[in-house]
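A.B. asks: Provided below for reference: sequence and predicted model.
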Amino acid sequence: MINAQETDPSAIRHPPSVAAGRFTLGFYFQALTRMLSSPGRFFAELPQDIRLVQPLGFLVSSSLFFAGAGMTTLHESRLIMGGIWGLNAVVMPVILAGISFIIMTMSMGKRVPFERMFAIYAFASGVTLLASWIPLFVWITEPWKWVLIVLGMVKGCGFKWRQAILIAAGAIFVLLLLFWSAGPLIYFLKN
């Protein structure tokens with residue numbers, strides 16, 4: 001007897017939890033394994049109607065690991081710093097996906113939904129967070145994250161390489177401008 005999964009190619013690529021849009025621990029480990037083994041294929045096979053639940057769950061799970069593991073390298077205020085690190089690990093991909101979405105919309109018209117752009121940033125950031133807590137690994141994981149983001153935009157959003165690189169570079173530039181402009185405010189609040 002032939003079952004539905006053997007005849008439906010989308011059921012083979014995406015197990016029921018992916019197709020249903022639920023986040024489970026099984027989905028987390030499956031996505032992590034696929035991101036580490038073949039990120040281009042993973043991004044190319046993202047469902048067209050992906051919602052925020054699975055990418056956000058993946059990102060939050062990786063952020064919790066990142067914050068917990070990062071607390072082992074601290075000597076004081078571990079809980080406060082771990083909370084700040086965890087919150088930063090979740091919020092920054094959201095901000096960067098928003099900036100990239102705005103750049104994409106302004107420069108080439110709306111081409112992909114925000115949920116898809118966020119999924120690219122969430123999965124790329126989430127997989128690199130697992131090694132980012134190790135001191136000095138940021139020099140490896142940060143460039144790796146941006147390579148994954150550009151690859152995700154090419155394979156998952158259908159951009160050309162040049163377009164993806166320009167959107168990612170624009171997001172980095174805008175983020176640096178935001179930090180630079182917030183510098184005087186932070187200095188004022190400290191004094």
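C.D. replies: Nice, I can see it. Numbers count the residues shown, from 1 in each chain.
A.B. asks: which residue is nearest the centroid of this protein?
C.D. replies: Closest residue to the average C-alpha location of the chain: Ala122 at 2.0 Å, with C-alpha atoms, centre = their mean.
A.B. asks: Which strand or helix spans that residue?
C.D. replies: Secondary-structure assignment from DSSP states H and E places Ala122 in helix 114-132.
A.B. asks: Could I get the full set of helices for this structure?
C.D. replies: Applying DSSP state H to the chain gives helices spanning 4-7, 9-13, 16-20, 25-37, 39-44, 53-70, 78-108, 114-132, 138-157, 161-190.
A.B. asks: Tell me which residues touch the residue nearest to the centre of the chain, please.
C.D. replies: Neighbouring residues of Ala122 by C-beta atoms under 8 Å, 6 or more residues apart in numbering: Pro55, Leu56, Phe58, Leu59, Pro93, Ala97. Glycine gets a C-beta too; all of them are placed from N, C-alpha and C.
A.B. asks: For the third one, give its distance to Arg34.
C.D. replies: To Arg34, Phe58 is 11 Å away according to C-beta to C-beta, to the nearest Å.
A.B. asks: more neighbours, these two?
C.D. replies: Between Phe58 and Arg34, counting by other C-beta atoms under 10 Å, Phe58 is the more crowded of the two (23 against 16).
A.B. asks: doesn't Ala31 make contact with the more buried one?
C.D. replies: Yes - Phe58 lies in contact with Ala31 (C-beta atoms under 8 Å); the separation is 5.7 Å.
A.B. asks: Pull up the overlap in contacts between the two.
C.D. replies: Phe123.
A.B. asks: hmm, back to that, just say which of the helices of the chain is most tucked in.
C.D. replies: helix 114-132 (a mean of 24; mean count of other C-beta atoms under 10 Å).
A.B. asks: tell me the angle of that one relative to helix 53-70?
C.D. replies: 20 degrees (axes from the mean of the first three to the mean of the last three C-alpha atoms, to 10 degrees).
A.B. asks: Tell me how far helix 114-132 lies from the chain's centre.
C.D. replies: Offset of helix 114-132 from its chain centre (C-alpha atoms, centre = their mean, to the nearest Å): 1 Å.
A.B. asks: I'd like the distance between Met106 and Ser100.
C.D. replies: 11 Å.
A.B. asks: do the same with His75
C.D. replies: In terms of C-beta to C-beta, His75 sits 36 Å off from Ser100.
A.B. asks: With Met71 instead?
C.D. replies: On the measure of C-beta to C-beta, Met71 and Ser100 end up 30 Å apart.
A.B. asks: Kindly report the same for Phe66.
C.D. replies: Taken as C-beta to C-beta, the span from Phe66 to Ser100 is 22 Å.
A.B. asks: so how far is stretch 46-58 from its chain's centroid?
C.D. replies: 11 Å.
A.B. asks: cool, and stretch 162-171?
C.D. replies: In terms of C-alpha atoms, centre = their mean, the gap separating the centre of stretch 162-171 from the centre of its chain is 16 Å.
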